[in-house]
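S.K.: what would the 3D arrangement of this be:
(one chain, ligands or ions: 1)
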Amino acid sequence: MAGRFAVCSRCKARVSGASMADGSVRAPRGWKRDQSDALVCAKCWRTAFVLRAVTIPVSGPIPEASRAEEIGGHAAIEESWRALRAALRSGWGACTRVANWAVRELAKSEPPRTGDRLGPRPHAYLYPGARSLAPELGTASVVALLHAVEGKYGKERFDAIWLCARSLPSYRYPTPLPIGGRNVTVAENAGVFSIAVPFGADDSLQRFALRLRGGHNYARALAALRHVVSGAGKIAEVVFLEQDAQASDHRAGAERRDPGGAPRRATRIMAKIVLWLPVQTRDRSGVLYVRTAKDALLTWCSVADTKGAELGDEAATVYPYNADHVRRWVAEHRSRLQRASDDLKREKRWPKAVREAQVAAREPWVEKFHRRMDSLTHEASAMIARIADGRKVATVIYDDSERRYVDSFPWHALKTKMQYKLEGLGIEFRESTTCPTDVAGATPAEPSTSGGPRLERSGSARRSRGASGSAKATRTRS
Ligand SMILES: [Zn+2]
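M.R.: From the prediction side, this is the model:
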């Protein structure tokens, strides 16, 4: 029998592939199907799509119109909320059960510590066991969950199994429920976005239409979803999470009660939507230098590399993003934790229950602080991406070696967010620890080659400086 070939719909590369039951060709390793179901090879895929994730609160299920007519609108909404809560509880419970089981199975498959180094991870095929443990989960959910668990286990394996320096990862209820993107659809109706999601096992699917929150807080996330609605992007996966609700989150929608008679807590349902978005293509040239500074969170300046262009004041101007509120947040958070832990010192001899309650009371602050930092790093990286896009630069060179401005900050998260946002726009992201823009600390206004931005490392900049002769560093801050 002649071999079947998988052909890339873009570059026409051919790779022999196995036939599937329905006669089509199985996608070779690393290949994917695009939004119109055409095969794309790994190389073309990387140049055409970027993976992004957006997290949006679910504001509620949309009851079926026929049901609303039958029992009345309000009752139909109540009914669909009940069904949705039950489906999510069952899904989160199953995910928690499978995740913890899978970690134990992975650990069991490890041989005892012998020799002088940790061997490769023994192969463990967990899928059949996971299916029988949680028949209420769909195939795609089980595969995605096991993938996530094995990934986390692989990262912590050295510390947990070999060094015995930490315990095995454990999963607390509610472990996020992943749903494969294949059967998820997105719709936009008069600016309101909704997703249709199947929950449950493959043979007893329960479909829900869920309305997503709108408003300016989610403008970026919804703009990403609009690519899916228009057919340019594709949903890879939707993960449902439960998050503690703040008093200000109206329409929280769910509630949870921890064991031991704990008070009811209002929670809200979040949908983390993982999508493939098209890489945007634009004519770009030039470099934007971005670096962290001693007196601002970020500073940037751009250099045009058009031949013969004057490196004018505008190009050499250093712009700061001060973000004073970050310093305040970090300081407040630290002092609050410090004050709380002072009260817990052993000599105060609190009863165990009091101590536990005080420790538990910290959890919401810590979570809130992390969420604040998460949105701040998103905003700051989006700002840099917007600036780079607006100036049509081809490359962003980033240097975050100066970290004194805030002494406890998720620098790595800021960098990775900046990187993927820029790559999504088709802008190259380069890291440099010897970033040539020592502009933030440069002595200003010396019309000589040493007074301006030190840009020796950039060929384009050298050209520009040769043309203009005097690059003046206009400092916007003193
Ligand atoms: Zn290709």
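
S.K.: any idea which helix or strand comes after the longest strand seen in the chain?
M.R.: The residue-count maximum for a strand in the chain (DSSP state E) belongs to strand 264-278. Using DSSP states H and E, the helix or strand that directly follows strand 264-278 along the chain is strand 287-291.

S.K.: tell me what that following strand is packed against?
M.R.: Here strand 287-291 touches strand 298-303, helix 352-390, strand 395-399, going by 3 or more Cβ pairs under 8 Å, 6 or more residues apart in numbering; DSSP states H and E. Where you see a C-beta, it was placed from the backbone N, CA and C, and this is true even at glycine.

S.K.: ok so, going back, neighbouring strands - and their directions - for the longest strand of the chain?
M.R.: strand 49-61 (antiparallel), strand 234-244 (antiparallel), strand 253-257 (antiparallel) (DSSP bridges).

S.K.: what's the offset of it from the middle of its chain?
M.R.: 11 Å (Cα atoms, centre = their mean, to the nearest Å).

S.K.: could you measure the closest residue to Trp350 other than its chain neighbours against the ion, distance?
M.R.: Nearest non-adjacent residue to Trp350, counting by Cβ to Cβ, 6 or more residues apart in numbering: Leu344, 6.9 Å away. For Leu344, the distance to the ion (Cβ to the ion, to the nearest Å) stands at 59 Å.

S.K.: so who does Leu344 touch?
M.R.: Shown in contact with Leu344 (Cβ atoms under 8 Å, 6 or more residues apart in numbering): 350, 355, 358-359.

S.K.: okay, it: pLDDT?
M.R.: pLDDT, Leu344: 80.

S.K.: repeat that for Gly151.
M.R.: pLDDT for Gly151: 93.

S.K.: run a quick neighbour tally on it.
M.R.: Neighbour count of Gly151, defined by other Cβ atoms under 10 Å: 10.

S.K.: for Cys41, grab the count of nearby residues.
M.R.: Cys41 has 22 neighbouring residues, counting by other Cβ under 10 Å.

S.K.: any idea what the spatially most central residue of the chain is bridged to?
M.R.: Most central in the chain under Cα atoms, centre = their mean is Ala53, positioned 4.9 Å from the mean C-alpha point. Beta-bridge pairing for Ala53 (DSSP bridges): Val274.

S.K.: my read is that it contacts Ala271, right?
M.R.: No: with contacts counted by Cβ atoms under 8 Å, Ala53 stays clear of Ala271, the gap being 10.5 Å.

S.K.: check contacts around the residue of the stretch 151-300 of the chain found nearest the ion.
M.R.: For the stretch 151-300 of the chain and the ion, the shortest gap (Cβ to the ion) falls at Val279, measuring 14.3 Å. In this structure, Val279 makes contact with 47-50, 423-426, judged by Cβ under 8 Å, 6+ apart.

S.K.: picking up where we left off before, now the helices and strands packed on strand 287-291 in TSV, with mean pLDDT?
M.R.: TSV is the format used below for these (pLDDT from 0 to 100):
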stretch	mean pLDDT
strand 298-303	82
helix 352-390	89
strand 395-399	90
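
S.K.: and these, which is most packed in?
M.R.: Comparing the helices and strands packed on strand 287-291 by mean neighbour count (mean count of other Cβ atoms under 10 Å), strand 298-303 ranks first with a mean of 24.

S.K.: chain center to it: distance?
M.R.: Computed by Cα atoms, centre = their mean, the chain-centroid distance of strand 298-303 equals 25 Å.

S.K.: which phi and psi does the residue nearest to Ala323 when sequence neighbours are not counted have?
M.R.: Nearest residue to Ala323 in three dimensions, chain neighbours excluded: Leu297, at 4.0 Å (Cβ to Cβ, 6+ apart). As for Leu297, its main-chain torsions (degrees, to the nearest 10) stand at phi -70, psi -50.

S.K.: quick check: Leu297 touching Val406?
M.R.: Yes: contact criterion Cβ under 8 Å: Leu297 and Val406 qualify, at 7.0 Å.

S.K.: just want to know which of the two has more residues nearby.
M.R.: Remark: of Leu297 and Val406, Leu297 carries more neighbours, 21 against 17, as counted by other Cβ under 10 Å.

S.K.: check the more buried one and give its pLDDT.
M.R.: At Leu297, the model reports a pLDDT of 91.

S.K.: again, but for Ala48
M.R.: For Ala48, the model assigns a pLDDT of 87.

S.K.: could you check how far Val58 is from Gly214?
M.R.: Shown here: Val58 relative to Gly214, a distance of 12 Å by Cβ to Cβ, to the nearest Å.

S.K.: assign Arg404 to helix, strand or coil.
M.R.: Put simply, Arg404 is coil when judged by DSSP: H, G, I helix; E, B strand; the rest coil.

S.K.: not counting its neighbours along the chain, what's nearest it?
M.R.: Closest residue to Arg404 apart from its sequence neighbours, by Cβ to Cβ, 6+ apart: Lys294 at 5.5 Å.

S.K.: count the neighbours of Ala223 for me.
M.R.: Counted with other Cβ under 10 Å, the neighbours of Ala223 add up to 11.

S.K.: if I've got this straight, it is in a helix?
M.R.: Yes: if the criterion is three-state DSSP, then Ala223 is within a helix.

S.K.: residues in the chain within reach of the ion, list them.
M.R.: 8, 10-11, 13, 41, 44 (Cβ under 5 Å from the ion).

S.K.: tell me the pLDDT of the closest residue to the ion within the stretch 51-200 of the chain.
M.R.: Closest approach between the stretch 51-200 of the chain and the ion, counting by Cβ to the ion: Leu51, at 17.8 Å. In this model, Leu51 is scored at 88, pLDDT.

S.K.: follow-up on the earlier one: any shared contact partners between Leu297 and Val406?
M.R.: Common contacts of Leu297 and Val406 (Cβ under 8 Å, 6+ apart): Val326.

S.K.: quick check: closest non-adjacent residue to Val228.
M.R.: Val186 (4.7 Å).

S.K.: please consider this matter closed, and thank you.
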